[in-house]
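1. Got a predicted model here, sequence first, then my questions.
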Amino acid sequence: MIDESEPIPEGSHIRLLKDGRQMGSGVIDVCMPDGSACWIWLDDGAGRRLVHESDAVQIVVSQPVPEKLPRP
């Protein structure tokens, strides 16, 4: 379930929640125009994950944690 009224813009940092607990975080790669699914690049090099609206996962836009930001 996507916790936004409009598709989340590519590059947005998000948190993945299940039953109110954080299950991960990452950056939106791409979302379907209807918001039914999003590809997410997970933080800490954990790969790319597809989250579909039928999954028991909530996507919430968040601010990235400073120590996880790329360093110049």
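-> Received the coordinates, thanks.
2. neighbours of the closest residue to Pro9 other than its chain neighbours, just the number please.
-> Closest residue to Pro9 apart from its sequence neighbours, by CB to CB, 6 or more residues apart in numbering: Ile28 at 7.0 Å. Bear in mind the C-beta positions are built from the backbone N, C-alpha and C, glycine included. Applying other CB atoms under 10 Å, we find 20 residues neighbouring Ile28.
3. my guess is Ile28 is in a strand, correct?
-> Yes: under DSSP: H, G, I helix; E, B strand; the rest coil, Ile28 falls within a strand.
4. mind listing what the residue nearest the centre of the chain touches?
-> The centroid of the chain falls nearest to Ile14 when counting by CA atoms, centre = their mean (4.0 Å). Going by CB atoms under 8 Å, 6 or more residues apart in numbering, Ile14 touches 8, 25-28, 40, 59-62.
5. try 7 Å this time
-> Listed by CB atoms under 7 Å, 6 or more residues apart in numbering, the contact set of Ile14 reads 8, 25-26, 28, 40, 59-62.
6. Can you say which of these are buried?
-> 8, 25-26, 28, 40, 59 (16 or more other CB atoms under 10 Å).
7. Right, I'll leave it there.
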